[in-house]
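Enquirer: Any chance you could fold what I've pasted below:
(one chain, ligands or ions: 1)
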Amino acid sequence: MPGTPTHEHVSLAEDWVASNYSPLPVVISHAEGAWVTDVEGRRYLDALAGYSALNFGHLHPGLVGVAKAQLERLTLTSRAFHSDRLGPFCRDLAALAGKELVLPMNTGAEAVETAIKTVRRWGYEVKGVPDGRARIVVMAGNFHGRTTTIISFSDDPVAHDHYGPYTPGFDTVPFGDVEALEAAITDDTVAVLLEPIQGEGGVILPPDGWLRDVRELSRRRGVLMVADEIQSGLGRTGTTFACDLEGVVPDVYVLGKALGGGIVPVSAIVADRDVLGVITPGSHGSTFGGNPLAAAVGQAVVGLLATGEFQQRARQLGALLDSGLRELVGHGVDAVRCRGLWAGVDLDPRLMTGREASHRLLERGVLVKDTHGSTVRIAPPLVVGEVEIQILLDAFAAILR
Ligand SMILES: Cc1ncc(COP(=O)(O)O)c(C=O)c1O
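Expert: Here you go, the predicted model:
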């Protein structure tokens, strides 16, 4: 609706949309690269990038071109038939991850569910855990999505409360604590599920060496290591996967968000045949999972990552972001955690909440998202340049003055 002002769009949404989010009062109507434009014609730097779903920016020309071409050819077959798109996509994604098989899904939560089902089956059919007893160790402060099973092991009351009865079979240990993890593993444990960096938690980094320790421990104790790289993966941290930061290869990668190029929901789990081979026809599926449009875009995304260009940009510009944010520590910022183009900034809670900071940054033309009290999460598209990083840093410094 051209010409409708911001407040009218906002009140329409308030009238008609269930309030499962509380968006900032900006109504976006166009976007390109790292920049979005609202209905009033104001431009904003998108420093959230759809929680990493827009790693390649808005309307990446190569991805849009592939999507448009596919839209005119074939969009959906269901998995009852083959399409000429799915095999090439899965081949390329498996190669990117150095694994043998891909199971495509749509949303991140579905991919996490797929990983949970796969490791449970693996536990019963390969490891020999008695049926119905499989347990998965998860991390305190996790965020893996919103399905009933996933929120069953969330310790965030907002996500968890009043949605029971909950799915059993999960044991929680502190994030980054390898001794607690070792103690939690029993004969019935089939997997450890972790985010290499906790995104929703506030870009929480584990202690150095923890991922390597988890890898060694899980191998030694005969449990699968499942890395939820939905937010941390696909270039965000300056490497293809955040696990690469420690040279670790998990048994199962869980991918989503950026895999769809910001165009369509595309998610997947990627693993070797000895794990994913437990999935048999009819035992798991999705009408839309691996559809030709998703597969075409996903394959193009993998092609972008295969060049290494985006990982390199994230490393180089991430160093700028990191050093610029660090200069703010002691001037209204308590702590900064940065990996690649991904940062969690803890503001001095006496100064303002993360929500207030997001509002103030919005007024200065920068879009970010608060998380947990006084923390702001920054994750610009990997197509930003030095100019955009400086705009972001200047805006941040300005709101602290
Ligand atoms: C680490 C992680 N896992 C899973 C999800 C869920 O993805 P989706 O919202 O696509 O279901 C998210 C979303 O933020 C995430 O950050």
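Enquirer: Any chance of the backbone angles for residue 228?
Expert: phi -80, psi 100 (degrees, to the nearest 10).
Enquirer: Kindly report the same for residue 45.
Expert: phi -80, psi 120.
Enquirer: The strand or helix carrying residue 110 - what's its average pLDDT?
Expert: Element membership of residue 110, judged by DSSP states H and E, is helix 108-122. Averaged over helix 108-122, pLDDT sits at 98.
Enquirer: From the contact counts, what lies against the helix or strand following that helix?
Expert: Going down the chain from helix 108-122, the next helix or strand is strand 135-139, by DSSP H and E. In terms of contacts (3 or more CB pairs under 8 Å, 6 or more residues apart in numbering; DSSP states H and E), strand 135-139 is packed against helix 108-122, strand 170-173, strand 189-194. Any C-beta I mention is one placed from the backbone N, CA and C, and that applies to glycine too.
Enquirer: now check strand 135-139, is it near the ligand?
Expert: No: Strand 135-139 stays clear of the ligand (CB under 6 Å from any ligand atom), getting no nearer than 10.9 Å.
Enquirer: Residue 373 contacts residue 353, correct?
Expert: Yes: between residue 373 and residue 353 a contact is recorded at 6.4 Å, counting by CB atoms under 8 Å.
Enquirer: Tell me which of those two has more neighbours.
Expert: The residue with more neighbours, out of residue 373 and residue 353, is residue 353; 16 against 12, by other CB atoms under 10 Å.
Enquirer: I'd like to know how far the residue lying closest to the more buried one once chain neighbours are set aside sits from the ligand.
Expert: Take residue 353 and drop its neighbours on the chain: the residue closest to it by CB to CB, 6 or more residues apart in numbering is residue 374, 5.7 Å away. Going from residue 374 to the ligand by CB to the nearest ligand atom, to the nearest Å gives 20 Å.
Enquirer: how close does residue 374 sit to residue 380?
Expert: The spacing between residue 374 and residue 380, counted by CB to CB, to the nearest Å, is 21 Å.
Enquirer: Compare these two (neighbour count), which wins?
Expert: It is residue 380, of residue 374 and residue 380, that has more neighbours when counted by other CB under 10 Å, with 29 against 22.
Enquirer: Let me know the secondary structure of that one.
Expert: coil (DSSP: H, G, I helix; E, B strand; the rest coil).
Enquirer: how far away is it from the ligand?
Expert: For residue 380, the distance to the ligand - CB to the nearest ligand atom - is 16 Å.
Enquirer: Which single residue of the stretch 251-400 of the chain approaches the ligand most closely?
Expert: Ranked by CB to the nearest ligand atom, the top residue of the stretch 251-400 of the chain for proximity to the ligand is residue 256, at 5.0 Å.
Enquirer: same check, this time on the chain
Expert: Counting by CB to the nearest ligand atom, the chain gets nearest to the ligand through residue 108 (2.2 Å).
Enquirer: I'd like to know how many residues surround that residue.
Expert: 26.
Enquirer: Same question for residue 339.
Expert: Burial of residue 339 is recorded as 22 neighbouring residues (other CB under 10 Å).
Enquirer: what about the closest residue to it other than its chain neighbours, how many residues close to it?
Expert: Nearest non-adjacent residue to residue 339, counting by CB to CB, 6+ apart: residue 237, 4.4 Å away. Residues near residue 237, counting by other CB under 10 Å, number 29.
Enquirer: Ok, residue 15 next?
Expert: Neighbours of residue 15 (other CB under 10 Å): 7.
Enquirer: host element of it?
Expert: Going by DSSP H and E, residue 15 is part of helix 6-16.
Enquirer: what comes up buried for that helix?
Expert: For helix 6-16, a neighbour-count test (16 or more other CB atoms under 10 Å) marks residue 9 as buried.
Enquirer: backbone phi and psi for residue 329, please?
Expert: phi -60, psi 130.
Enquirer: so what's the nearest residue to it once chain neighbours are set aside scoring on pLDDT?
Expert: Once flanking residues are discounted, residue 329 sits nearest to residue 336: 6.1 Å by CB to CB, 6+ apart. Here, the pLDDT recorded for residue 336 equals 98.
Enquirer: so what's residue 336 up against?
Expert: 322, 325-326, 328-329, 343-346 (CB atoms under 8 Å, 6 or more residues apart in numbering).
Enquirer: returning to that earlier point: check contacts around the residue nearest to residue 353.
Expert: 334, 346-349, 352-354.
Enquirer: Kindly report the same for residue 196.
Expert: 206, 211, 227, 229, 232, 241-243, 245, 248.
Enquirer: Helices - which of the residues you listed land there?
Expert: residue 211 (DSSP state H).
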